[in-house]
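**Q** missing the sequence, but the structure's below:
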């Protein structure tokens with residue numbers, strides 16, 4: 001429902017209501033106080049800017065009474081009420097006329113029947129409001145069912161009994177008590193969980209609790225782990241489980257007296273009694289085959305076929321590994337990493353290397369029978385980096401020379417994974433394969449593929465086959481990898497179709513990552529590849545992981561999305577799980593919930609650390625439950641909702657035509673909003689679109705998902721791009737999907753060179769761009785720098801080091817390092833954005849009216865797209881029509 005904003009200094013705000021009026025409740029005050037409806041533009045006398053013609057049919061109601069005039073730079077929209085007086089927008093020049101024309105001269109009045117884009121909910125405004133309202137205080141997690149600040153807000157978390165939103169975010173923090181209510185609202189109940197998320201330096205890492213031989217204390221019946229919500233009874237001798245209500249004896253070593261409130265007196269000394277997130281040291285019973293694990297291994301497997309050699313890729317990888325191997329992940333206080341390393345090169349055959357420390361030179365062993373893969377050496381294949389340093393250095397120097405004159409263009413792929421898997425089996429450890437691969441594996445071997453790419457299948461019932469693997473071979477291989485704890489990270493360098501949908505299966509099901517560098521060129525792509533590789537090798541990762549989500553009686557986990565494997569309905573298995581991966585879990589009712597007790601989730605992750613230590617990481621979260629729909633709609637989180645809906649839709653394309661998937665998305669969101677309109681909003685004319693305050697961005701964000709490359713590809717999008725994006729989004733956290741679907745657009749020319757802050761973002765539409773300015777757009781994968789044709793020559797000189805617009809090269813992949821304040825500021829902004837993202841973004845320079853501009857415009861998501869996607873304004877009207885149909 002409409003949240004009432006705390007008044008801030010500055011512009012006066014219209015009065016706000018404390019919450020949505022419930023059915024039958026009347027609201028005093030003029031309609032402007034209802035912070036969430038669209039009505040017709042006011043009469044011309046109150047307008048600033050050209051009159052937009054007659055009010056939009058379908059989106060108008062009685063004109064609102066005149067209100068106090070807006071202050072400069074203040075918009076009515078700040079309060080969620082759109083369609084009132086149009087105040088000047090911060091950050092923009094004058095009224096922006098037609099599309100192709102970028103000046104600020106007054107254009108012709110817009111055609112009739114068009115909603116004013118400034119009068120509809122603005123993502124920028126919502127993000128800014130949340131930053132100013134919630135960015136200054138820490139988010140303290142002691143209270144049940146608190147909605148956290150938005151992912152776009154910088155805030156500090158203090159764990160006081162519920163897991164930080166960096167680990168878990170929910171679509172709603174107040175969930176319906178009954179399944180009927182949940183069905184009526186159509187709001188999916190889901191949690192996006194990032195169990196190993198990296199915390200900012202100011203926040204405390206989860207404590208590691210060691211209970212010795214006996215291991216963690218658990219409920220006898222449902223096996224939930226000790227947590228702050230367990231209830232101690234009978235003077236502390238027993239505890240009642242908060243998940244299943246079963247009573248369990250407290251083991252003698254764990255006994256402690258209770259204080260007068262029924263809390264244990266050691267409550268604050270024990271992380272598992274006072275914090276939302278913590279770790280337990282696991283006992284041998286939690287280990288495979290009941291023995292403690294060995295430290296994991298990393299195996300680097302390098303394609304040395306003609307393409308890989310010719311592009312300079314192999315030499316680059318070998319050079320980088322020489323220094324990178326000193327940065328393998330290690331446990332906090334350890335001198336060196338416990339991870340052992342091994343090396344394989346391949347084309348149509350595989351070459352294994354013995355790099356035993358006692359050897360003067362590395363030894364190569366070739367396996368050419370790829371149909372029956374085995375590892376030809378045990379001793380000397382996996383080694384400690386420090387012990388074998390000189391032999392490894394020698395090998396990395398020799399590989400580029402050995403294959404320099406190769407004529408071999410064909411590659412195998414499945415046998416490479418099999419070889420790595422066999423090596424880990426022989427060494428009895430888990431680990432990760434880093435595979436660097438360039439082409440469709442057409443050589444005679446298991447897992448051989450054919451080129452089946454076919455653009456003609458788009459928009460047909462067979463389109464789904466493009467997203468499915470072309471053989472079940474890789475699914476079976478993935479299952480074997482998961483059983484061994486063999487995670488596969490894949491670096492792809494394709495010059496043509498490579499079948500990401502099939503090659504990615506093992507990566508996807510083992511919890512690995514795919515990186516793709518199409519048409520890889522050393523000078524433009526090496527920075528991005530090397531940065532990705534460094535981060536991928538160094539980041540925190542757990543192996544042989546199993547995750548289970550327990551819930552209190554009334555709801556249960558029914559569906560899971562992410563990069564993992566499941567052999568039963570409850571255990572999410574991952575050969576590897578890193579700090580960037582999320583698992584999304586959907587919950588359904590299996591009973592009634594009560595408002596008093598709320599609902600609880602406990603996510604337990606069992607994994608092996610990079611030093612070979614078996615651990616359990618526990619995250620707990622308590623949610624409120626409601627009998628009134630208004631309470632549900634007042635506590636939703638749209639960014640998390642979109643994250644879930646995108647993943648749900650992206651899985652849907654595997655089994656249904658894309659159009660069916662898109663229609664289902666639109667229908668579900670229309671039902672969510674119609675239910676609010678019908679049950680929670682105060683009565684008003686059908687001509688008004690009424691949105692819940694915390695969901696007012698649902699239409700604009702939903703439209704971005706519908707227009708994305710997976711659901712509505714433009715002509716230039718390849719099948720491999722779509723398969724790649726589909727897999728990437730499935731593991732994204734909420735901050736990543738937020739900027740991926742609605743990119744961040746910054747006016748660089750407005751940046752204050754003397755401050756550390758970013759310039760205020762603007763909306764993703766061409767009408768917000770001025771010919772005289774330079775803008776930066778980022779979406780987590782790319783950074784575009786757009787240069788208008790009328791940018792001052794001095795700015796061009798300062799940023800690009802050339803004297804005119806025509807001399808700017810769009811082949812630049814980095815900005816030149818120039819000693820002036822503007823260049824420094826822009827480069828520091830780029831660096832700041834790169835650090836925030838889990839992948840190194842590709843920098844693309846776009847000159848206005850240049851051929852690359854088409855690609856850039858694809859990301860201006862509020863505008864119509866070339867592939868037929870609606871503009872935000874048109875889509876909002878369409879949603880309104882759908883809602884009205886449902887209500888009538």
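**A** Received the coordinates, thanks. If you're wondering where the values come from, they're calculated on a predicted model, not measured in any experiment.

**Q** is it true that residue 206 touches residue 277?
**A** Yes - using Cβ atoms under 8 Å, residue 206 is in contact with residue 277, at 4.8 Å. Quick note: C-beta positions are derived from backbone N, CA and C, even for glycine.

**Q** Tell me which of the two has more neighbours.
**A** residue 277 (29 against 21; other Cβ atoms under 10 Å).

**Q** Overlap in contacts, residue 206 and residue 277.
**A** residue 617 (Cβ atoms under 8 Å, 6 or more residues apart in numbering).

**Q** Where does the closest residue to residue 784 other than its chain neighbours sit, in terms of helix or strand?
**A** Leaving aside its sequence neighbours, residue 784 sits nearest to residue 777 (Cβ to Cβ, 6 or more residues apart in numbering; 4.5 Å). Here residue 777 sits within strand 774-778, counting by DSSP states H and E.

**Q** Repeat that for residue 435.
**A** Per DSSP H and E: strand 431-437 holds residue 435.

**Q** So what touches that strand?
**A** 296-303, 308, 313, 317, 339, 411, 413, 416-417, 420-421, 424, 485-493, 498, 503, 512, 533, 536-537, 541, 543, 576.

**Q** Residue 488 - that's part of a strand, no?
**A** Yes - per DSSP: H, G, I helix; E, B strand; the rest coil, residue 488 lies within a strand segment.

**Q** number of nearby residues for the closest residue in space to residue 852 that isn't next to it in sequence?
**A** What sits nearest to residue 852 in space, not counting adjacent residues and going by Cβ to Cβ, 6+ apart, is residue 846, at 4.7 Å. Residue 846: 21 surrounding residues under other Cβ under 10 Å.

**Q** looking at this, residue 846 is in a strand?
**A** Yes - assignment of residue 846 by three-state DSSP places it within a strand.

**Q** Please enumerate the helices of the stretch 251-400 of the chain.
**A** For the stretch 251-400 of the chain, helices defined by DSSP state H, counting those that start in this stretch occupy the ranges 271-274, 306-310, 313-324, 389-402.

**Q** My error: substitute the stretch 451-600 of the chain in the last question.
**A** 473-484, 500-509, 522-538.

**Q** The longest one - contacts with which helices or strands?
**A** Contact here means 3 or more Cβ pairs under 8 Å, 6 or more residues apart in numbering; DSSP states H and E; on that basis helix 522-538 packs against helix 313-324, strand 431-437, strand 486-492, strand 514-516.

**Q** which one of the ones you listed lies closest to residue 791?
**A** strand 514-516 (32.6 Å; Cβ to Cβ).

**Q** Can you list the strands that that closest one pairs with?
**A** Neighbouring strands of strand 514-516 in its sheet, by DSSP bridges, are strand 486-492 (parallel).

**Q** Between helix 522-538 and the partner strand, find me the angle.
**A** 170 degrees (axes from the mean of the first three to the mean of the last three Cα atoms, to 10 degrees).

**Q** List the contacts of strand 486-492.
**A** So strand 486-492 is contacted by 417, 420-421, 424, 430-438, 480-481, 498, 500, 503-504, 506-507, 510-517, 529, 532-533, 536, 541, 543, 574-576 (Cβ under 8 Å, 6+ apart).

**Q** Restricted to buried residues, select these in ChimeraX.
**A** Selection of buried members from the contacts of strand 486-492 for ChimeraX, criterion 16 or more other Cβ atoms under 10 Å:
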select :417,420,421,424,430,431,432,433,434,435,436,437,438,481,498,500,503,504,506,507,510,511,512,513,514,515,516,517,529,532,533,536,541,543,574,575,576
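
**Q** In terms of pLDDT, where does the spatially closest residue to residue 788 that is not a sequence neighbour sit?
**A** In space, residue 788 comes closest to residue 771 once its chain neighbours are excluded; the distance is 4.1 Å by Cβ to Cβ, 6+ apart. pLDDT recorded at residue 771 is 96.

**Q** avg pLDDT for stretch 529-542?
**A** For stretch 529-542, the per-residue pLDDT averages 97.

**Q** my bad, stretch 151-170
**A** Here stretch 151-170 scores 97 as its mean pLDDT.

**Q** same thing with stretch 362-378?
**A** For stretch 362-378, the per-residue pLDDT averages 92.

**Q** For residue 576, give the beta-bridge partners.
**A** If you apply DSSP bridges, the partners that residue 576 bridges to are residue 543.

**Q** That one and residue 861, how far apart?
**A** 33 Å (Cβ to Cβ, to the nearest Å).

**Q** Quick check: nearest residue in space to residue 480, chain neighbours excluded?
**A** Counting by Cβ to Cβ, 6+ apart, residue 421 is the residue found nearest to residue 480 once chain neighbours are left out, at 6.2 Å.

**Q** who's in contact with the one you found?
**A** 433, 477, 480, 481, 484, 486.

**Q** Bridged to the residue nearest to residue 282 when sequence neighbours are not counted, which residues?
**A** In this structure, residue 282 finds its nearest non-sequential neighbour in residue 614, 3.9 Å apart by Cβ to Cβ, 6+ apart. When assigned by DSSP bridges, residue 614 has beta-bridge partners residue 608.

**Q** just the one 4 residues further on next, same as before
**A** According to DSSP bridges, the residues that bridge with residue 618 are residue 278, residue 604.

**Q** Surely it is in contact with residue 275?
**A** No - between residue 618 and residue 275 there is no contact under Cβ under 8 Å: 9.3 Å.

**Q** Quick check: nearest residue in space to residue 503, chain neighbours excluded?
**A** Residue nearest to residue 503 in three dimensions, not counting chain neighbours: residue 413, with 6.3 Å by Cβ to Cβ, 6+ apart.

**Q** And residue 303, how close does it get to residue 732?
**A** Distance from residue 303 to residue 732, by Cβ to Cβ: 28 Å.

**Q** Residue 693 now?
**A** For residue 693 relative to residue 732 (Cβ to Cβ), the value is 26 Å.

**Q** who touches residue 673 in this structure?
**A** Residue 673 neighbours (Cβ under 8 Å, 6+ apart): 691, 692, 695, 698, 879, 883.

**Q** and if we set it to 6 Å?
**A** residue 883 (Cβ atoms under 6 Å, 6 or more residues apart in numbering).

**Q** would it count as being in a helix?
**A** Yes - secondary structure of residue 673 (three-state DSSP): part of a helix.

**Q** Looking at it now. What's its pLDDT?
**A** 97.

**Q** and what of residue 87?
**A** At residue 87, pLDDT is 36.

**Q** And for residue 686?
**A** 74.

**Q** isn't there a helix covering it?
**A** No - checked against three-state DSSP, residue 686 lies outside a helix; its state is coil.

**Q** Please name the nearest non-neighbouring residue to it.
**A** Per Cβ to Cβ, 6+ apart, closest to residue 686 is residue 884, 5.9 Å.

**Q** where does that neighbour land on pLDDT?
**A** For residue 884, the predicted pLDDT is 94.

**Q** Repeat that for the one 4 residues further on.
**A** Confidence per residue is given as pLDDT, and for residue 888 that number is 87.

**Q** In contact with it, which residues?
**A** So residue 888 contacts nothing (Cβ under 6 Å, 6+ apart).

**Q** Please report how far it lies from residue 876.
**A** On the measure of Cβ to Cβ, residue 888 and residue 876 end up 19 Å apart.

**Q** With residue 381 instead?
**A** 60 Å.

**Q** ditto for residue 204
**A** 43 Å.

**Q** Torsion angles phi and psi at the closest residue to residue 832 other than its chain neighbours?
**A** In space, and not counting its chain neighbours, residue 832 is closest to residue 758: 7.4 Å by Cβ to Cβ, 6+ apart. Note on residue 758: backbone dihedrals following degrees, to the nearest 10 are phi -80, psi 150.
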